[in-house]
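> I need the structure of the sequence given here:
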Amino acid sequence: MRECDLCVIGSGPAGQKAAIQAAKLGKRVVLVERREVLGGVAVNTGTIPSKALREAILAMVSRQSAMPQPGDFKLAREHTFHELTTSAGRVIAAEVDIVQRHMRSNGVSVLHGAGRFEDAHTIVVESVHGSEKVKADFVLIATGTTPARPDTIEFDGRTIITSDEILNLPSLPHSMIIVGGGVIGTEYASMLSVMGVKVTLVEGRHRILDFVDGEIGEALQYHLRQTGMTLRMGEKVVRIERIEKTAGAKTIDEHMAEAFFESGKTLRADCLLYAVGRQGATAELALENAGLCADNRGRVTVNEHFQTEVPHIYAAGDVIGFPALASTSMEQGRGAAGHMFGVPIDPVSKLLPYGIYSIPELSMVGWTEEKLTEEGIPFETGVAQYREIARGQLLGDDIGMLKLLIHQESHAILGVHVIGTGATELVHIGQCAIAFNATVEYFVNAVFNYPTLAECYKVAAMNGLNKIKGV
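Numbering: from 1, shown residues only. Below you'll find the predicted structure:
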């Protein structure tokens, strides 16, 4: 039996950072990963693969515009889907190699196999090569999540799929139904649509990405429709079936997917991506042997220090639920390791930036207009359009926009919302401003490099301050 100070189950962002943090403190660390490669969902099937595919698509058209036009993608369509996924695969392989190097350089022992609790201190790791037991003073559950797979749906990895299988498709489908207008569904819908796939995005709510600022969300919907995408908002899918190919269908397979709506409509396409929710990957952990249980979505409950009901067992990352971001998972893992070994680490900030890597991309931090209105907080908006910024013209981005939400009385920056080229990078300037209680006057008086997209902050600040002053 192998003995250690900390056994980490799962090598995603939370598991990686917890393992490294503990190793830096001189602790003996064993990292258990069920896959043959490290990185977890984030590197292998989730965050990195989807972003790598997006960059491969944009690179093939030799243009980084926020919203390339259909004609811009002619070159990309001439490439096979295999070429795109091969390009993405190189990025994934590089990320896996980086994680492996970090584990080696920090002296973290890695065991490949499925881990489960034998008791509260013992983990059994089973693989095709046999089994091994690990006895640990502390345990961190960092197993992440898997796509929700309702038992009523016949997933086959080709006609009806989840996001885990999308990069394994042999070719671009002619048409696709995407069920779910959350982050995953929206990102893949935008990528496939600009590649010429006839995409129908179905969302039960009346707006995709309903957590983002309404104006930004509506702008994204408008631009997605411009690519030829069909949006079915306020529609609930009640049944999904795999059917025989209909006469005249362009699908290369013998089957198609059919979706039945509560409203009585039906849709058919040669592929359906189901992207509604994710489930905590805890079903095979035998949590009951450690005195734990998961909720109905497989998630583990923790306190502010990421401790479960069993004090020496911690959990971090997507497996504990909101906010379920790779960025926050890293900090949660680091914080958990610090707490278990008595090293104070600042708690994860509640000021979290969100990035959606659709085409065009968008990002936000702080309050939304809807939330400010609901809370009765007086605010004004300041807007800068990329087309009025020199850098926006140089990039050929005439749809981008940055919006500041400004307190009418204190002039404090309350929120920042961006759509367009570099949105997920640009938002961090606003994040710092909010964190340090900057007022709109800071941006009015600041000097920015010219020409840059950062100038949007100055233009938006002036626009908002002029509205507040009534000039």
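
> For this structure, name the helix or strand with the lowest mean pLDDT.
None of the helices or strands of the chain scores lower by mean pLDDT, DSSP states H and E than helix 74-78, at a mean of 56.

> Downstream of that helix, the next helix or strand is which one?
helix 81-105 (DSSP states H and E).

> Please state the offset of that following helix from the chain centre?
Relative to the centre of its chain, helix 81-105 is centred 18 Å away, using CA atoms, centre = their mean, to the nearest Å.

> Low-confidence ranges, the protein, go.
Residues of the chain meeting the criterion pLDDT under 70: 61-80, 247-252.

> can you give me the helices for it?
Per DSSP state H, the chain carries helices over the ranges 13-24, 40-44, 47-60, 74-78, 81-105, 183-194, 214-226, 326-340, 369-375, 390-395, 423-435, 440-445, 455-469.

> Return the angle between stretch directions for the first one and helix 326-340.
Read that as helix 13-24. 40 degrees (axes from the mean of the first three to the mean of the last three CA atoms, to 10 degrees).

> Just want the angle from helix 13-24 to helix 81-105.
Using the same axes, to 10 degrees: helix 13-24 against helix 81-105 is 20 degrees.

> Residues in contact with helix 13-24: which ones?
5-6, 8-9, 11, 29, 31, 33, 38, 40, 42, 99, 102-103, 106-108, 140, 142, 144, 314, 316-319, 326-327, 329-334, 336-338, 340-341, 345 (CB atoms under 8 Å, 6 or more residues apart in numbering). All C-beta spots, glycine's among them, are computed from the backbone N, C-alpha and C.

> so how far is that helix off the chain centroid?
21 Å.

> What is the neighbour count of Glu425?
14 (other CB atoms under 10 Å).

> and if you look at Thr373?
13.

> go on, Glu375?
Neighbours of Glu375 (other CB under 10 Å): 9.

> Can you tell me how far it is from Ile406?
Going from Glu375 to Ile406 by CB to CB, to the nearest Å gives 15 Å.

> same deal with His312?
47 Å.

> Please name whichever of the helices of the chain is nearest to Leu169.
Nearest of the helices of the chain to Leu169, taken as CB to CB: helix 81-105 at 6.4 Å.

> Taking helix 47-60 as reference, get the angle to that closest one.
Using the same axes, to 10 degrees: helix 81-105 against helix 47-60 is 130 degrees.

> Which other helices and strands does helix 81-105 contact?
In terms of contacts (3 or more CB pairs under 8 Å, 6 or more residues apart in numbering; DSSP states H and E), helix 81-105 is packed against helix 13-24, helix 40-44, helix 47-60.

> would you put the C-alpha positions of the first one in CSV?
What it means is helix 13-24. The C-alpha trace of helix 13-24 is given here as CSV (Å, rounded to 0.1, in the frame of the first residue of the first chain):
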residue,chain,number,x,y,z
PRO,A,13,-7.5,22.4,-13.0
ALA,A,14,-8.5,21.9,-9.4
GLY,A,15,-6.5,18.7,-9.0
GLN,A,16,-3.4,20.0,-10.7
LYS,A,17,-3.1,23.1,-8.6
ALA,A,18,-3.9,21.3,-5.3
ALA,A,19,-1.2,18.7,-6.0
ILE,A,20,1.4,21.3,-6.9
GLN,A,21,0.5,23.5,-3.9
ALA,A,22,0.8,20.6,-1.5
ALA,A,23,4.1,19.5,-3.2
LYS,A,24,5.5,23.0,-2.8
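
> for that helix, which positions count as buried?
Pro13, Ala14, Gly15, Gln16, Lys17, Ala18, Ala19, Ile20, Gln21, Ala22, Ala23 (16 or more other CB atoms under 10 Å).

> ok, His312 and Ile406, which is more surrounded?
Shown here are His312 and Ile406; by other CB under 10 Å, Ile406 has more neighbours (26 against 15).

> Understood, closing this out.
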